[in-house]
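Asks: my questions are about this predicted structure, shown below with the sequence.
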Amino acid sequence: QVQLVESGGGLVQAGGSLRLSCAATGRTFSSYTMGWFRQAPGKEREFVSGINYGGTRTSYADSVKGRFTISRDNGQNTVYLHMNSLKPEDTAVYYCAAVRLRLNVPLSSFLYDSWGQGTQVTVSS
């Protein structure tokens, strides 16, 4: 397993942008498929985006397609979530997650075995 630390959350106005980062420890980051999930108060945790270990496949929730972009830098052991055109409904705690050697990005949180502590994103209207 890897240890994950998210950063980059904050308060932003609707229409604004944020970039979340997830830094991983360990020398095998390039073998991990990474996912971003979010959880709003009173709601279940939901898949936002993911990128496979080779960086060749990405996946996005319909609600964020065209607004969010996921990328990874294996040299920096970091995965990013670039969030543009933010909406109040994007407000949530955002979590980074990892699972080894998945060619396709899992959409279910149950398939990931390492999680970060989360970072709060608040979008004001």
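Replies: Perfect, I can see it now.
Asks: CA only for contacts and neighbour counts going forward, please
Replies: Noted.
Asks: center of the chain - which residue?
Replies: residue 36 (2.3 Å; C-alpha atoms, centre = their mean).
Asks: that one belongs to a strand?
Replies: Yes: assessed with DSSP: H, G, I helix; E, B strand; the rest coil, residue 36 lies in a strand.
Asks: helices of the protein, start to end?
Replies: Using DSSP state H, no helices are found in the chain.
Asks: could you pull out the strands in it for me?
Replies: 4-7, 10-13, 18-24, 32-39, 46-51, 58-60, 68-73, 78-83, 92-100, 114-115, 119-124 (DSSP state E).
Asks: and of these, who's closest to residue 107?
Replies: Evaluated with C-alpha to C-alpha, the strands of the chain place strand 46-51 nearest to residue 107, the distance being 5.9 Å.
Asks: what is the closest one packed up against?
Replies: strand 32-39, strand 58-60, strand 68-73 (3 or more C-alpha pairs under 8 Å, 6 or more residues apart in numbering; DSSP states H and E).
Asks: can you list the buried residues in it?
Replies: Buried residues in strand 46-51, defined by neighbour count with 16 or more other C-alpha atoms under 10 Å: 46-51.
Asks: ok, now stretch 50-64?
Replies: 50-53, 55, 58-60, 64.
Asks: which single one of those is nearest to residue 30?
Replies: residue 53 (5.6 Å).
Asks: any idea how far that closest one lies from residue 38?
Replies: Here residue 53 is placed at a distance of 21 Å from residue 38 (C-alpha to C-alpha, to the nearest Å).
Asks: just the closest of the buried residues of stretch 50-64 to residue 18, please.
Replies: Nearest to residue 18 out of the buried residues of stretch 50-64 is residue 64 (C-alpha to C-alpha; 13.3 Å).
Asks: the closest one is in contact with residue 50, isn't it?
Replies: No: contact criterion C-alpha atoms under 8 Å: residue 64 and residue 50 do not qualify, at 11.9 Å.
Asks: what sits up against stretch 51-60?
Replies: Contacts with stretch 51-60, where a contact means C-alpha atoms under 8 Å, 6 or more residues apart in numbering, come from 30-35, 47-50, 70-72, 100-105.
Asks: what about 6 Å?
Replies: With contact meaning C-alpha atoms under 6 Å, 6 or more residues apart in numbering, stretch 51-60 is reached by 30-34, 48-50, 103, 105.
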